[in-house]
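Engineer: sequence first, predicted model second:
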Amino acid sequence: MSSLKGILFSQFAGEGLNKLVEEMQTQYKPKKGRRFNHNNITYEIGRPTLQDNQLVFEISSKIPEDELSNEKDMDRYFDAIKKSLNAEKEKPVSIERENIVWDSKKDTEKERDYVKLLYSYPLEALFDNQEINKRHEALTGGTSQEELPDVPGVATVQGKLALAMVRESIQKFGRDHIARLIETNKKIRDSLKN
């Protein structure tokens, strides 16, 4: 059974990723659910889950099959993405290629290949006690107008600030990962054209 801390952190991480989905759907072409399209590639931001005191979430992007001539090219594309993202400082916990058969109308099948990236963060990496103290002092000193979340069961300002930081942190981490995936897709597509 999850702790109250884990449940609350998971809830606020979910809010942060929901805001990120809205942001990406505003910035790029929105698609159904938690997806958006940029330069003819569909991206998706998953919901966070709590696993062993870690918040875990996935992001994915479609492999642009229409630009690749055969299965070997698709393998090379995936391998290039994997190599590039594994060289990053904050690399994913796992990088998988997933084939999805999608049947929206029950009469046609659409087969698609996706790159799925899994990221994991310990709960303690989602807030900073010194930053909480600084923001608390700014609030009590009147130099900050920060709005705190209304959370039943969380009575202290510091607790509410920690949850706000969880929401902000996971949104920033997710935004950074999506930006790197978009840039990686662009770089690999450009190299294929040359």
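Structural biologist: That came through, no problem.

Engineer: helix or strand for Lys5, which one?
Structural biologist: Per DSSP states H and E: Lys5 is located in helix 4-27.

Engineer: ok, the helix or strand following that helix: who's next to it in the sheet?
Structural biologist: Per DSSP H and E, the first helix or strand lying C-terminal to helix 4-27 is strand 29-30. If you go by DSSP bridges, strand 29-30 pairs up with strand 35-38 (antiparallel).

Engineer: quick one: distance of the partner strand to the chain centre.
Structural biologist: Strand 35-38 sits 13 Å away from the centroid of its parent chain (Cα atoms, centre = their mean, to the nearest Å).

Engineer: could you give the angle of the longest strand anywhere in the chain to helix 4-27?
Structural biologist: If you go by DSSP state E, the chain has its longest strand at strand 110-122. With axes from the mean of the first three to the mean of the last three Cα atoms, to 10 degrees defining the directions, strand 110-122 sits at 130 degrees from helix 4-27.

Engineer: could I get the buried residue list for whichever helix or strand comes after strand 110-122?
Structural biologist: Per DSSP H and E, strand 110-122 leads on to helix 129-140 as the next helix or strand towards the C-terminus. Along helix 129-140, these residues count as buried under the neighbour rule (16 or more other Cβ atoms under 10 Å): Ile132, Arg135, His136, Leu139. The C-beta positions use only the backbone N, C-alpha and C, and glycine is treated the same way.

Engineer: gap between the two ends of stretch 39-50?
Structural biologist: Length of stretch 39-50, first residue to last, Cα to Cα, to the nearest Å: 32 Å.

Engineer: repeat that for stretch 85-98.
Structural biologist: End to end - Cα to Cα - stretch 85-98 spans 17 Å.

Engineer: list the neighbours of that stretch that are in contact with it.
Structural biologist: 56, 60, 63, 78, 81-82, 113-120, 173, 176-177, 180-181, 184 (Cβ atoms under 8 Å, 6 or more residues apart in numbering).

Engineer: run the last query once more with 10 Å
Structural biologist: Stretch 85-98 is touched from outside by 54, 56, 58-60, 63, 74-75, 77-79, 81-84, 112-121, 173, 176-177, 180-181, 184, with contacts defined as Cβ atoms under 10 Å, 6 or more residues apart in numbering.

Engineer: out of those residues, which end up buried?
Structural biologist: 54, 56, 58-60, 63, 74, 77-78, 81-82, 84, 113-117, 119-121, 173, 177, 180-181, 184.
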